[in-house]
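**Student:** output the structure for:
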Amino acid sequence: MTSKISYSKFIRENIRRRGWLLAVSMILMFSMQTLWTAMRIETLLSGSAHSPKADVASLENLHFAGFLNGLENPLFAVLVVLLALCCAVSGFSYLHRSEETDFFHSLPLARRQLFLISYTGGLILFLVPYLLACIGTIATAYAMGIGSCISIADCLLSMLGCILGFLILYQAAIVAMMLTGKLISGILAAIVLYVYTEMIASLSNALPSHFFDTYHASAAGSADLIRNFLSPIGLYSHLYAQTGWFEGTDRISLLLSALFAAAVWIVLTWVAAYFLYQKRGSETAGTALSYPFFAGWIKFFAAVPASLTLGLFVASFYGNNSDTWVILISLLSVVLLCGITEFIYHTDLKQVTHGKVSSFLSIVTVAGILVILHFDLFGYNTWLPKESELKSIAFTADSFSNYFTYYNDGNGTKSYGLLDEKELQVTAPDPLLALAKDGVQNYKNGIKTEDIYEEYADDYMQISIRFTPKYGMPVYRDYAVSKNAVLDSLETLCKNETYRKNLFPVFQLDTDKVSEVKLTDIYQVPQTLSLSSEQKTELFHAYEQDILKTDIRILQTEYPIAELTAGFPTNYHAGNDLISEDSIESVTYLAPMSQMYIYENFTNTLDLLSEYGYTIRREIALSDVQHMDLESNLDESEPTTLQAITDPEEMQDLLDQLHYPCPGILGGKDLPRQYIELSHTAYPYPIYYPLV
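**Tutor:** Down below sits the predicted model:
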């Protein structure tokens, strides 16, 4: 039995044999982490032309722990991937040369010991440079004066994420080396293992998106699960994202799920690599595959998704997304890939037609998938659930994102999340199921979502529907439906006060957090209202009452006369930023929540504004106009030119046609014919107004 002392000597000898990799790792780690981080910190601390202190705008979402695992430095993340591949290939490359295999297997060491020696040596070749680089990075940060804001616990968690990510990639590459008998085959197999599930995840979105007109992007949730938990590259990215960033209410659950998935991956790939090494025959050195029995299956499972990916990519790259070209390129690709795979197996051009059965199955499978998708043989576009099978149903229109702005602490909007909002799930299928049936019928009649804005923009629009079955996952679809049908459905839904409150953003507004209210009328110059806290609350309450009693059709058929905007103070420094708040000035900005339109029948809001001393102007006075230009060239093929309007009667006639710009709750009730560029006394710069 080999003693512990001699065993450690074998590990040191293994590392010495790969000393070049240790040197390269050390240099690249310090260059791309420690040095890069120091340069980044110095840049941030150097300030800007407006302030001698840090450029706080660039620090808004920057976290120091992210420097240690690739979150804040994508080049370092790429370096980890390359080092994992190099450590695996250099450690087990002897298995691909018969002379070296015979030599190592003749040593007085069991196979498990040989495996552990090479495995441990590769791990040390990464860990030592990485840990030294992390220590150097943290020490550099302390030396540059920002040590007080560094959380060692966060840094350790970030480093753990990077090490786990390395192990996932390292062991996946070792499995590839066990399955192959040639160095080039091993490297190619490792790359395939890295990207294979990424490719499958992409295809699960790209294929239905290309072939099915009713496909909705939210259906991509399963692809994200594949990418984040079943792909080595994807799981590594998910790991460094969760271990290098520590904000958000669901951060703990995401972190724990990522760590659990990583642990499962590491255990499974280690067991697979160890088992394959134990069973691997020495005579397979120099052959493409260590287990020739799997040659046909490997070719099949590699060629089918790769050819479909190439078909979609090449067609889109050349700007042609027709089904014909995708089908032709995919079929050509699968034939070429089968031949290339056989050449890799045999390194003989005469053998490219070998493995006829697996090649035939690959070609037939690709052709079958394309036929099913092209002709929609399973009825994806025309599928509708039975009413008895539905738990709930929800919808959103593509126009909602232009009409609503939802409060989200100043960090963005959630207009596109309406499908998944719990409060907007309708348990009674009608009228939304009827709306979906209209969408399916329109599809059968040739009215598709891709043609709406070219042929049917005046009468049709795109909606998205989420079907939630009583059992199973939600199903999403996009449909082209008439605006009248959508308006009828929306009117019916909004008869329910709860639904209406959850649809309109003002009801989610926390008035206590509103620090500023602005009013914008047809002059399009926001006016800050001087209101007390009680008056702000009264104003928004009055606006809520008007929303509750208004006819939904008015929000589409009539133009508003003004718009309210609420401002929320938001700090740049919230959470674990690189620089502590003591290091720089406390900076805040007002995050706006706009698009709270006021219509002529909003009497509660108008009366209260009048009581506060604010009058909404419905028209622009001719005496206020300083300059007016009319868009004179309506030919889209020619550059647009502006014609100065000076005649008072003509100017007044154009002013009478102006409305407060608003797309309507369902968008584009009247498409602009022309535009006016107007300068008036209330604002020093020209403003564009559409003529509808």
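**Student:** residue 209 - nearest residue in space that isn't next to it in sequence?
**Tutor:** residue 215 (5.1 Å; C-beta to C-beta, 6 or more residues apart in numbering). Every C-beta, even on glycine, is put in place using the N, C-alpha and C of the backbone.
**Student:** thought the one you found was touching residue 208?
**Tutor:** Yes. Judged on C-beta atoms under 8 Å, residue 215 makes contact with residue 208 at a distance of 4.4 Å.
**Student:** following the helix or strand containing residue 174, which helix or strand shows up next?
**Tutor:** Using DSSP states H and E, residue 174 maps to helix 152-179. Going down the chain from helix 152-179, the next helix or strand is helix 183-211, by DSSP H and E.
**Student:** give the other helices and strands that that next one contacts.
**Tutor:** Contacts defined by 3 or more C-beta pairs under 8 Å, 6 or more residues apart in numbering; DSSP states H and E place helix 183-211 against helix 74-92, helix 152-179, helix 221-229, helix 232-243, helix 295-317, helix 323-346, helix 356-375.
**Student:** any idea which of those scores lowest on pLDDT?
**Tutor:** In terms of average pLDDT, helix 221-229 trails the rest of these, at a mean of 74.
**Student:** pull the distance from it to the chain's centre.
**Tutor:** 12 Å (C-alpha atoms, centre = their mean, to the nearest Å).
**Student:** same check, this time on stretch 594-608
**Tutor:** 37 Å.
**Student:** just checking, residue 380 touches residue 216?
**Tutor:** No. Contact criterion C-beta under 8 Å: residue 380 and residue 216 do not qualify, at 11.5 Å.
**Student:** ramachandran angles for the nearest residue to residue 158 once chain neighbours are set aside?
**Tutor:** Spatial nearest neighbour of residue 158, chain neighbours left out: residue 65 (3.9 Å); criterion: C-beta to C-beta, 6+ apart. Main-chain torsions, residue 65, degrees, to the nearest 10: phi -60, psi -30.
**Student:** just confirm the residue nearest to residue 209 is within a helix.
**Tutor:** No. Read with DSSP: H, G, I helix; E, B strand; the rest coil, residue 215 is coil and lies in no helix.
**Student:** contacts only, for it.
**Tutor:** 208, 209, 380, 477, 478 (C-beta atoms under 8 Å, 6 or more residues apart in numbering).
**Student:** which pLDDT value goes with it?
**Tutor:** At residue 215, pLDDT is 92.
**Student:** now do the phi/psi pair for it.
**Tutor:** Phi and psi for residue 215, reported as degrees, to the nearest 10, are phi -70, psi 140.
**Student:** please tell me how far it sits from residue 421.
**Tutor:** As defined by C-beta to C-beta, to the nearest Å, residue 215 lies at a distance of 21 Å from residue 421.
**Student:** wait, doesn't the residue nearest to residue 158 sit right on residue 244?
**Tutor:** Yes. Between residue 65 and residue 244 there is a contact under C-beta under 8 Å: 5.2 Å.
**Student:** so what sits against both of these two?
**Tutor:** Common neighbours of residue 65 and residue 244 (C-beta under 8 Å, 6+ apart) are 71, 158.
**Student:** among these two, which residue is more densely surrounded?
**Tutor:** Remark: of residue 65 and residue 244, residue 65 carries more neighbours, 27 against 24, as counted by other C-beta atoms under 10 Å.
**Student:** circling back to that earlier point, adding distance to residue 269 and mean neighbour count, write the helices and strands packed on helix 183-211 out as CSV.
**Tutor:** Converted to CSV, those look like this (distance: least, C-beta to C-beta, whole Å; neighbours: other C-beta atoms under 10 Å):
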stretch, distance to residue 269, mean neighbour count
helix 74-92, 11, 20
helix 152-179, 4, 23
helix 221-229, 14, 16
helix 232-243, 8, 24
helix 295-317, 17, 19
helix 323-346, 23, 19
helix 356-375, 26, 16
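**Student:** TSV for these, including distance to residue 103?
**Tutor:** Listed next are the helices and strands packed on helix 183-211 as TSV, based on distance: least, C-beta to C-beta, whole Å:
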stretch	distance to residue 103
helix 74-92	14
helix 152-179	17
helix 221-229	40
helix 232-243	31
helix 295-317	28
helix 323-346	26
helix 356-375	35
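**Student:** right, and those helices - which one's nearest residue 683?
**Tutor:** Residue 683 sits nearest to helix 74-92 of all the helices and strands packed on helix 183-211, at 42.9 Å, using C-beta to C-beta.
**Student:** packing partners for that closest one?
**Tutor:** helix 19-29, helix 111-143, helix 152-179, helix 183-211, helix 232-243.
**Student:** break this structure down into its domains, please.
**Tutor:** 4-204+212-284, 291-372, 387-496, 506-611, 622-691 (automatic domain parsing).
**Student:** before we move on, the earlier item: quick one: which of residue 380 and residue 216 has more around it?
**Tutor:** residue 216 (21 against 16).
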